[in-house]
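Colleague: return a 3D structure for these sequence lines:
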Amino acid sequence: MIEIGEVTVPAATVSRLPYYLRALRDLLRDGVTTTSSSALAERSGVGSAQLRKDLSYLGSFGTRGVGYEVETLASSISTALGLGSEHRLAIVGVGNLGNALANYSGYAARGFRLVALIDADPDVVGRRAAGLEVEHSDRLEEILAARGVSMVILATPGAAAQAVAERIVECGVREILSFSPVALQLPDDVVVRSVDVAGELQILAFHAAARHAQEGATVDGRTAPAATAR
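Modeller: Residues are numbered from 1 along each chain as shown. Now for the predicted structure:
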């Protein structure tokens, strides 16, 4: 469970709120002012009962027969996610992946500001991306403090990730989005969200193999249970 203001919200619910917010912002962009729970759930990729339960943790929304006011609900979710104030980001590890992340255009619209790019490779240091110059990791602590960094995107090679993450935490940063292919061991008060691209592809490979096996069994006149994604 996670505390949002005076409300305690399940971690699974928090993980779905960004998808609701994205769907609501899409509706606003399309000029839609009200939406039903079923329509919003479909856009968000969840069931309508799950959506209603998730939103109930944040307060009372929606009017029977009318639905949700899109702008009001989007504002409430944005506030719950802490997007009412700017979050200053640094990317540590500016190789191919880090460079691509630096050039992502959606940070500002979602309340984030990229303020630093940091790397240890002398061939990378001094290059520019997203209007910023890549600075050397020897100055990591100085840079994070001077720029007021509150969140870090970690995209270093796996071998360096743990040591770098520990330095980041020593600077007071408690939120890390890690693309490094290791399980970071950090204090309990540090929130780490890990994105393992290779791992996710391996899961897709499993389901592809299961589907092919089922198709082969069907051709041979046998039946086989379908693999179910979870």
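
Colleague: any stretches of this protein with poor pLDDT?
Modeller: Applying pLDDT under 70 to the chain picks out residues 1-6, 217-230.

Colleague: and the strands in it, which stretches?
Modeller: 2-4, 7-9, 34-35, 68-69, 87-92, 112-119, 128-129, 132-136, 151-154, 175-178, 191-194 (DSSP state E).

Colleague: turn those into TSV, columns for mean neighbour count.
Modeller: Where C-beta positions appear, they are placed from N, C-alpha and C, glycine not excepted. As requested, those are exported to TSV (neighbours: other CB atoms under 10 Å):
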stretch	mean neighbour count
strand 2-4	13
strand 7-9	13
strand 34-35	18
strand 68-69	21
strand 87-92	23
strand 112-119	22
strand 128-129	14
strand 132-136	17
strand 151-154	22
strand 175-178	20
strand 191-194	14
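
Colleague: turn those into TSV, including distance to residue 161.
Modeller: Shown next, in TSV, are these (distance: least, CB to CB, whole Å):
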stretch	distance to residue 161
strand 2-4	25
strand 7-9	29
strand 34-35	41
strand 68-69	41
strand 87-92	9
strand 112-119	13
strand 128-129	20
strand 132-136	18
strand 151-154	6
strand 175-178	7
strand 191-194	10
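
Colleague: so which of those gets nearest residue 44?
Modeller: strand 34-35 (10.6 Å; CB to CB).

Colleague: direction included, what does that closest one pair against?
Modeller: strand 68-69 (antiparallel) (DSSP bridges).

Colleague: quick one: contacts of the partner strand?
Modeller: By CB atoms under 8 Å, 6 or more residues apart in numbering, the residues outside strand 68-69 that reach it are 33, 34, 35, 36, 37, 40, 61, 62.

Colleague: filter the residues you listed to the buried ones?
Modeller: Neighbour counting by 16 or more other CB atoms under 10 Å classes 34, 35, 37, 40, 61, 62 among the contacts of strand 68-69 as buried.

Colleague: the protein - how does it break down into domains?
Modeller: Per automatic domain parsing, the structural domains of the chain span 2-80, 87-195, 199-230.
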